[in-house]
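J.: need a 3D model of the sequence below.
(one chain, ligands or ions: 1)
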Amino acid sequence: MDQFGDREAGPPSGNTDIQIKAQSVEDERPDSHAPEPSYLFINSGQSMFDPITFKKGEIPDYQKVHERSEITIGQSSQHHETQLDFIFVLLEENIITFVKNELKRIQRALSPDYPECSESPGENEDEEQRRSREAFMKITQDFLRKMKQEELADCLQSGYRQGLLDLKTLPFALPSEYSFGTFLEDLHPVKGGLWWRGEIKTWSEEVGIESLLRNKLQLNVSNMAERKTTLKAAGEPDFLQFNDLACEAVGGRVIFATDEWFAQAANLLKREPPQFIASAFTEFGKWMDGWETRRKRIPGQDWCIIQLGVPGLIYGFDVDTSFFTGNHSPFASIQAGCLNETPNLALDGDRTGMAASESQLAAVAKLGSEAWPELVGVSQLKPGYSDCCHNYFTVNFNSRVTHLRLNMYPDGGIARLRVYGVGQRDWSSVPLDQDVDLVALTNGGVGLGYSDAHFGHPRNMIGLGRAVNMADGWETARRLDRPKHLEVDQRGILQVPGWEWAVFRLGHPGVISRIEVDTNHFKGNFPDSCRIEACCLTSEEEAQCIRSKWNSGKWQVLLPPQKLRPHHIHLYQAELNPSPPVTHVRLIISPDGGVSRLRLWGRPTPTTAAPAIQKRTVSKL
Ligand SMILES: NC(=O)NC(NC(N)=O)C(=O)[O-]
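T.: From the prediction side, this is the model:
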């Protein structure tokens, strides 16, 4: 079927381009020698239906024309006019047929019951046909609006089928004056959801926007898979395996910024990787996913103060300038402070378009941050192209840090500041008879090695609270050595050869008495079983284990193999083997899968012989 309708149903033209072979006035003369029919053009261009040919001397069948338009033929003075009349009758027929066919097609497309995508434009549709169709769409929208059928008009305007996206199912209210069409125009697919008015929404599947995007916007929301190396890439510093102590997910906050015109400083600490949306603008300029100040036209340089979520020792920074090209900060430095009291400073709400107030400047001046020791001296930053956006700085600073001052010279943009280190808790305030989660990152726990982290890093397991989604846990790839047919033992545990592991150093040596293994969100990909081993290592032994990829013989089974369940908190106490104080644990899952949290509750033991902890580690990961 032609995309403009059945050929039998009438000429498939949506265009006014009509080319009709007709007799010219000269051709009527008996002495005319013109051998071929001449052509009468109404507009130029490609004909959309077969030309009607009149041979010389042949009288066309005007019967139909007579019937419809009561045209009299005969008088030569009237002949040209008659010919035009005839053409217009044909034209009218063609246009009516086109309109009828298009309206049928539009009606089907707007019907929620009609199978999806069955009405896509034919492959042979050319540019002119597409333009005709679009022009008619606009006319139809105007008519629908005149008929007060706004919703249908909006659907048509956006090219979407009514019912594919039910606005009532959106988990938020749209402003009353905000039309369906505008809403869809404002949506942009980004990694992890849809960008809408400055925020990334992750509700796509529930409300069918995913299919809407695929089928209607024709946007490719999933990029080609990038090959990830399980272990660190060449050139990546070792410190990337530590915890991000400043991330908003662990309570990090920006408490002061000189200027936040284009994009607010809070973005620096977002957990998600930076995004770029070419078409996103705010009233202040280009929307950017980072901290971006205005082009400075007053003395000074821009800076901000960051309160770490987890105070601790810092091993390195990643000053990530992703997507800031042409507007990245050319130089930066980082200073560190250790404050006994939390300063009474906060940045609330949307700070875009704002700068520090006089009172904020006066309050921050009391911190004396300009004199804090420099962890990173004034250093050049590379722009935010993908091959150079990570500006890594290794740090040699042996003191606990609670706050950072990030300086830009003089102004510009930085997408993220990752602060890699290990939390340092003041254990003197922890009563000896109180159980604490010895591996929590807030208590100084840290991951020191793993076999695979294809979808999620094992350090996520020691984060705050319960995991927000699957990405907030440790998830490995499916092992390729799984047997073709699976078998279980008498306990129902899969008999498979492979396993995956992750090693942690506790924040303090201690006796573990209770274990929590949470498979929250891992419903179809939880591990079949897990076991936990533990040992007590000196820092030299730890360094040796890291070098040998944790093939040390010191591991003792703390928790024997346990069959796991999907999306469930598993609590183990009676199942634990009696154990002396330990410094390190290894979680082993079989064959593969995801664990969202690991909690190791126990009592810290006095540190006489556990030097791997509470001492700045120099071990290479
Ligand atoms: N196109 C831009 O990015 N311009 C400006 N920045 C933003 N975010 O609009 C600028 O001058 O730095």
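
J.: list the contacts for the residue in the stretch 301-450 of the chain that the ligand sits nearest to?
T.: Residue of the stretch 301-450 of the chain nearest the ligand, by Cβ to the nearest ligand atom: Asn327 (3.4 Å). The C-beta positions use only the backbone N, C-alpha and C, and glycine is treated the same way. By Cβ atoms under 8 Å, 6 or more residues apart in numbering, Asn327 lies in contact with Phe262, Met288, Glu292, Gly412, Gly413.

J.: neighbours of Gln241, how many?
T.: Other residues within reach of Gln241, judged by other Cβ atoms under 10 Å, total 22.

J.: again with Trp427
T.: As a burial measure, Trp427 scores 17 neighbours (other Cβ under 10 Å).

J.: how far away is it from Asn525?
T.: 37 Å (Cβ to Cβ, to the nearest Å).

J.: how about Ala467?
T.: 13 Å.

J.: buried sites along stretch 356-371?
T.: Across stretch 356-371, burial judged by 16 or more other Cβ atoms under 10 Å covers Ala356, Gln360, Ala363, Val364, Leu367, Ser369.

J.: how about the backbone phi and psi for the last one?
T.: Translated: Ser369. phi -70, psi -20 (degrees, to the nearest 10).

J.: which residues are in contact with the residue of the stretch 501-621 of the chain found nearest the ligand?
T.: As assessed by Cβ to the nearest ligand atom, the ligand sits closest to His521 within the stretch 501-621 of the chain, at 35.1 Å. Neighbouring residues of His521 by Cβ under 8 Å, 6+ apart: Ala467, Asn469, Met470, Asp472, Gly473, His567, Gly594, Ser596.

J.: for it, which non-adjacent residue is spatially closest?
T.: Once flanking residues are discounted, His521 sits nearest to Met470: 4.5 Å by Cβ to Cβ, 6 or more residues apart in numbering.

J.: how about Tyr392?
T.: Closest to Tyr392 by Cβ to Cβ, 6+ apart is Pro237, at 5.1 Å.

J.: what's near enough to touch the one you found?
T.: Contacts of Pro237 (Cβ under 8 Å, 6+ apart): Gly316, Tyr392, Thr394.

J.: what does this structure have sitting close to the ligand?
T.: Residues of the chain lying near the ligand by Cβ under 6 Å from any ligand atom: Phe262, Gly285, Lys286, Met288, Glu292, Arg295, Asn327.

J.: most neighbours out of these, which is it?
T.: Glu292 (30 neighbours).

J.: is that residue bridged to anything, and to what?
T.: Residues in a beta bridge with Glu292, per DSSP bridges, are Ala263, Gly413.

J.: tell me which of the contacts of His521 is nearest to Ser399?
T.: Lowest distance from Ser399 to those (Cβ to Cβ) belongs to Asp472, with 30.4 Å.

J.: if I look at that closest one, how far off is Gly594?
T.: Here Asp472 is placed at a distance of 10 Å from Gly594 (Cβ to Cβ).

J.: neighbour-wise, which of those two wins?
T.: Ranked by neighbour count (other Cβ under 10 Å), Asp472 and Gly594 place Gly594 first, with 26 against 22.

J.: contacting residues around the more buried one?
T.: If you count contacts by Cβ under 8 Å, 6+ apart, then Gly594 has 455-456, 470, 473-476, 519, 521-522, 525-527 around it.

J.: now with 6 Å?
T.: Listed by Cβ atoms under 6 Å, 6 or more residues apart in numbering, the contact partners of Gly594 are Gly473, Glu475, Phe522, Asn525.
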